[in-house]
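> okay, sequence plus prediction incoming.
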Amino acid sequence: MEGFATCKSEIKFGTDGWRGIISDSLTFENVRVVAQAIADYLQGINQGDKVFVIGYDTRFLSRQYAEECARVVAANKIKVFLTDKVAPTPVVSYGVKHLQASGAIMVTASHNPAEYNGIKFKAPYGGSALPEIITEIEKNLYCKPVKIMNFFEALNLGIVQYFNADEPYLNQVRRFINFDLIKNANLKVVIDPMYGAGAGYVRTLLENTSVSVTEIRGEKNPGFGDISPEPIAKNLDLLKKIVLEEQADIGLATDGDGDRLGAIDNHGSFVNSHQIYALFLRYLVEQRKWSGGAVKTFSTSKMIDCLVKKYDIPVYETPIGFKYICALFLKKDILVGGEESGGIGFKNHIPERDGILSSLLLLELMAAHRKNLREILDDLMNEIGPFYYERVDLHISNERKKLVLDLLRNNTPDKIAGIDVIKVETMDGVKCHLATGGWILFRSSGTEPVVRIYVEGSSPAEVQSVLKSGISFVEGK
Ligand SMILES: O=P(O)(O)OC[C@H]1O[C@H](O)[C@H](O)[C@@H](O)[C@@H]1O
């Protein structure tokens with residue numbers, strides 16, 4: 001069967017891949033169009049003779065979309081390794097590297113609300129596609145007729161094969177993490193995969209250790225219990241409650257496709273990604289004695305700048321999106337790269353953020369320090385702090401969004417919440433550095449119809465007043 005897509009609803013690749021609301025822009029037809037554009041890209045760069053991986057998360061229709069992609073890619077004479085079950089993004093990405101495949105389609109909308117689904121494209125190195133690859137794929141959209149074959153015929157012919165992506169990935173994590181340290185640490189852990197694809201992985205990896213594990217929200221629930229599967233404070237009330245009830249040492253939450261991490265400490269307080277990133281950087285340099293530079297995105301904490309200065313290692317800043325961090329992993333000797341949204345990637349692994357590996361590294365770090373997370377964070381703050389952080393996402397109209405960002409760019413206020421603005425940067429959105437050492441960043445999300453306001457300061461009061469003033473500015477009140 002061949003034919004052009006009849007509906008030309010917009011297919012746009014954002015911060016990471018293409019996302020849309022199911023049955024609005026995210027239709028089977030558009031999924032086929034994107035899969036054809038990817039197949040054309042692979043043939044165009046002479047990679048059509050290599051195998052190609054397809055994986056999917058727990059979202060509504062994800063498996064069916066993955067099978068639809070397999071039908072298209074296979075019809076283009078590219079052999080497909082389709083995961084035999086739901087798989088997290090880092091597992092699929094590692095599968096690409098392990099099989100020396102030409103890349104992967106990961107069917108997921110990551111942390112977005114339940115009504116979304118989407119496609120991430122992973123490149124042969126096992127990480128986010130670089131912007132230039134995405135440009136090529138976008139150019140191919142609607143160019144050639146969609147080829148498609150029967151799924152069962154493709155299976156019978158062996159051009160689509162099921163693939164167990166877990167085994168190579170779990171072996172890699174077992175090599176990376178120091179399980180000897182974790183084994184005897186007697187930690188009590190609550191795992192929260194937020195109904196996403198990460199369910200079961202950390203628990204499996206902790207079998208045969210002394211760590212006591214409780215997993216919540218591990219079952220499949222494509223409605224995600226009416227929250228977004230994004231491991232940020234407002235979505236982790238249940239995890240907080242269980243950590244306190246069970247008197248656990250830590251709660252670990254991964255997002256919808258398992259590439260991000262958020263944590264709750266033993267007092268029930270949220271530990272944000274900036275803090276986790278800073279702890280990892282400190283641990284890898286000081287305890288593991290690993291070398292290499294650090295990558296942070298435009299919205300990542302100044303804690304990282306303090307640490308790199310202390311260790312005298314290079315730091316690179318990029319726009320928001322792990323694809324930019326990934327590009328640096330490919331070009332330079334990078335120890336760790338992380339972003340505000342909770343994605344952190346490491347040297348000696350794939351150039352990909354990994355919420356499962358991050359969860360275990362956090363346990364290793366706690367075991368090595370023989371302290372609870374709060375004490376370790378307090379030590380860090382005594383060394384370089386204090387730092388406080390908060391983000392709000394505002395749903396405003398596209399017109400207002402453009403107006404506000406243009407206004408900020410062209411006519412930046414001299415003061416915010418009464419504090420002097422001493423420097424303005426526009427790498428991604430508009431960032432105002434404040435005389436107190438704090439900063440506020442306004443930017444339009446590339447994955448959701450929201451404006452994000454990020455604030456860091458040296459006290460909770462400073463963060464709140466700067467945030468309040470930022471919100472008033474955006475809302476025009
Ligand atoms: O703030 P946004 O543009 O919505 O992006 C937030 C996040 O979206 C995706 O998950 C990307 O893979 C991340 O790299 C990015 O940080």
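In hand now; what should we look at?
> report the contact partners of the closest residue to the ligand within the chain.
For the chain and the ligand, the shortest gap (Cβ to the nearest ligand atom) falls at Asp16, measuring 3.0 Å. (Each C-beta comes from the backbone N, C-alpha and C, glycine too.) If a contact means Cβ atoms under 8 Å, 6 or more residues apart in numbering, then Asp16 has Ser110, Lys120, Ser128, Gly321, Phe322, Lys323, Gly446, Thr447 as its contacts.
> buried among those residues? Make that a ChimeraX selection.
Here the buried members of the contacts of Asp16 are turned into a ChimeraX selection, burial being counted by 16 or more other Cβ atoms under 10 Å:
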select :110,120,128,321,322,323,447
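> the contacts of Asp16 also near the ligand: which ones?
Filtering the contacts of Asp16 for proximity to the ligand (criterion: Cβ under 6 Å from any ligand atom) leaves Ser110, Gly321, Phe322, Gly446, Thr447.
> the first one should be in a strand, yeah?
No - looking at Ser110 with DSSP: H, G, I helix; E, B strand; the rest coil, it is coil, so not inside a strand.
> that one against Asp257, yeah?
Yes - with contacts counted by Cβ atoms under 8 Å, Ser110 reaches Asp257, the gap being 5.1 Å.
> which residues are common contacts for the two?
When contacts are counted by Cβ under 8 Å, 6+ apart, Ser110 and Asp257 are jointly contacted by Thr89, Lys120.
> count of neighbours near the closest residue in space to Ile419 that isn't next to it in sequence?
Nearest in space to Ile419, with sequence neighbours left out and distances taken as Cβ to Cβ, 6 or more residues apart in numbering, is Leu434 at 4.6 Å. A total of 21 residues lie near Leu434 under the criterion other Cβ atoms under 10 Å.
> is Leu434 bridged to anything, and to what?
With beta bridges defined as DSSP bridges, Leu434 has these partners: Val421.
> roughly how far is stretch 24-41 from the heart of the chain?
From the chain centre to the centre of stretch 24-41 is a distance of 22 Å (Cα atoms, centre = their mean, to the nearest Å).
> contacting residues around it?
With Cβ under 8 Å, 6+ apart, stretch 24-41 has contacts from 5-7, 9-11, 18-20, 48, 64-65, 68-69, 72-73, 76, 78, 103, 105, 116-119, 121, 133, 136-138, 140-148.
> what parts of this structure come near the ligand?
So far as Cβ under 6 Å from any ligand atom goes, the chain lies against the ligand at 15-16, 110, 320-322, 339, 341, 343, 445-448, 452.
> in a markdown table: the residues you listed, plus pLDDT and secondary structure.
What follows is the residues of the chain next to the ligand, written out as a markdown table (pLDDT from 0 to 100; DSSP: H, G, I helix; E, B strand; the rest coil):
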| residue | pLDDT | secondary structure |
| --- | --- | --- |
| Thr15 | 77 | coil |
| Asp16 | 83 | coil |
| Ser110 | 96 | coil |
| Ile320 | 96 | coil |
| Gly321 | 93 | coil |
| Phe322 | 94 | helix |
| Glu339 | 96 | coil |
| Ser341 | 92 | coil |
| Gly343 | 95 | coil |
| Ser445 | 92 | coil |
| Gly446 | 86 | coil |
| Thr447 | 83 | coil |
| Glu448 | 84 | coil |
| Arg452 | 97 | strand |
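> from these, pick the one nearest Phe224.
Checking the residues of the chain next to the ligand against Phe224 by Cβ to Cβ gives Ser110 as the nearest, at 11.8 Å.
> and that closest one, how far from His433?
Distance, Ser110 to His433, using Cβ to Cβ, to the nearest Å: 30 Å.
> lowest-pLDDT helix or strand in this protein?
Taking mean pLDDT, DSSP states H and E as the measure, the helices and strands of the chain show their lowest mean at strand 2-3, namely a mean of 37.
> for the following helix or strand past it, name the packing helices and strands.
Tracing the chain C-terminally past strand 2-3 and defining elements by DSSP states H and E, one meets strand 13-14 next. Contacts of strand 13-14 with other secondary structure elements, assessed using 3 or more Cβ pairs under 8 Å, 6 or more residues apart in numbering; DSSP states H and E, are made with helix 131-140.
> helices and strands around the helix it packs on, which ones?
Helix 131-140 is packed against strand 13-14, helix 28-44, strand 116-123, helix 322-331, with contacts defined by 3+ Cβ pairs under 8 Å, 6+ apart.
> list the buried residues in that helix.
Ile133, Ile134, Ile137, Asn140.
> and if you look at stretch 215-227?
When neighbours are counted by 16+ other Cβ under 10 Å, the buried residues of stretch 215-227 are found to be Glu215, Ile216, Arg217, Gly218, Phe224, Ile227.
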